[in-house]
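K.L.:
this one's structure only:
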């Protein structure tokens, strides 16, 4: 699959929908339904189930048609174990082996939408993105629909191979899978318009800051003093970095090395 076209200008931080009744009649829900309904090649039943998930995401507070369309284009059931397929389109995290999980769809959508709000992405579309923690490959697949190029790095060899197997049928030419220490980032592919982490540590590695482009955003969970993980948005400008701490989240711990 070739790279997706540049997305249109996005707002800064996505607003939450005010109420269920308002959201049900909103153009976001209609756009989500239309996007998910176009999914083909992986079964009408699965497409219908995916459509319902995308509609729930729109109702629950994901206003971006671009993100909703991307979520509707990726068959989540292809990234979970066969025993968990029945839960694939629920808004829940699921185990993928090796003490790792596939993130909740709502969290994936939220973090990607935050990336799209960066000044660089608003002006030129989302360019190169670095994903820390490939996992099973699901988020990389969604990112491929909104970013021109995705570099995704995984430290666990078994998961690296699993993600390769999961992504192979989708033939995503703009996704590059790497085995390595995510805390070091991947300088060869930088600078990045967006960096997104699927694991949370006590602080952001300096390498990530260094590899973020001016006008880009980094979205990652970071543990606070009380141990609670919070979603952090780091934005880089010519003057330096600005940080915004958003809602509480729960991710696997960030670790170094390759195993």
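P.N.:
Looks like it arrived, so ask away. Since the structure is predicted, the reported quantities are computational estimates derived from the model, not experimental observations. Residues are numbered from 1 along each chain as shown.

K.L.:
helix/strand/coil for the closest residue to residue 191 other than its chain neighbours?
P.N.:
Leaving aside its chain neighbours, residue 191 sits nearest to residue 213 (3.7 Å; criterion: Cβ to Cβ, 6 or more residues apart in numbering). Quick note: C-beta positions are derived from backbone N, CA and C, even for glycine. Secondary structure state of residue 213, per DSSP: H, G, I helix; E, B strand; the rest coil, is strand.

K.L.:
So residue 213 is in contact with residue 123, correct?
P.N.:
No: between residue 213 and residue 123 there is no contact under Cβ atoms under 8 Å: 11.7 Å.

K.L.:
And those two? Which one has more around it.
P.N.:
The neighbour count for residue 213 versus residue 123, taken as other Cβ atoms under 10 Å, is higher for residue 213 (17 against 10).

K.L.:
Tell me the pLDDT of the more buried one.
P.N.:
Residue 213 is assigned 98 on the pLDDT scale.

K.L.:
ok, now which ones touch it?
P.N.:
120, 127, 190, 191, 192, 193, 236 (Cβ atoms under 8 Å, 6 or more residues apart in numbering).

K.L.:
Spell out the residue ranges of the strands in the stretch 1-150 of the chain.
P.N.:
Applying DSSP state E, counting those that start in this stretch to the stretch 1-150 of the chain gives strands spanning 94-97, 100-102, 126-132, 147-154.

K.L.:
Would you format those as TSV with mean pLDDT included?
P.N.:
What follows is the strands of the stretch 1-150 of the chain, written out as TSV (pLDDT from 0 to 100):
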stretch	mean pLDDT
strand 94-97	93
strand 100-102	93
strand 126-132	97
strand 147-154	98
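
K.L.:
Number of residues surrounding residue 253?
P.N.:
Under the criterion other Cβ under 10 Å, the count of neighbours that residue 253 has is 12.

K.L.:
Who are the contact partners of the residue nearest to residue 252 when sequence neighbours are not counted?
P.N.:
The shortest distance from residue 252 to any non-neighbouring residue, by Cβ to Cβ, 6+ apart, is to residue 199 (5.2 Å). Residues in contact with residue 199 (Cβ under 8 Å, 6+ apart) are 132, 133, 182, 221, 251, 252, 253, 254, 255.

K.L.:
ok, back up a step: export the strands of the stretch 1-150 of the chain as JSON lines, with columns for distance to residue 139.
P.N.:
Putting the strands of the stretch 1-150 of the chain into JSON lines (distance: least, Cβ to Cβ, whole Å) gives the following:
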{"stretch": "strand 94-97", "distance to residue 139": "12"}
{"stretch": "strand 100-102", "distance to residue 139": "8"}
{"stretch": "strand 126-132", "distance to residue 139": "6"}
{"stretch": "strand 147-154", "distance to residue 139": "8"}
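
K.L.:
Which stretches in the stretch 151-259 of the chain count as helices?
P.N.:
Shown for the stretch 151-259 of the chain, the helices assigned by DSSP state H, counting those that start in this stretch span residues 157-167, 206-211.

K.L.:
Format these as a markdown table; extra columns: distance to residue 62 and mean neighbour count.
P.N.:
As requested, the helices of the stretch 151-259 of the chain are exported to a markdown table (distance: least, Cβ to Cβ, whole Å; neighbours: other Cβ atoms under 10 Å):
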| stretch | distance to residue 62 | mean neighbour count |
| --- | --- | --- |
| helix 157-167 | 23 | 18 |
| helix 206-211 | 25 | 16 |
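
K.L.:
Relative to residue 77, which of the ones you listed is closest?
P.N.:
Among the helices of the stretch 151-259 of the chain, the nearest to residue 77 by Cβ to Cβ is helix 157-167 (10.7 Å).

K.L.:
Before I go, just wanted to say thanks for your time.
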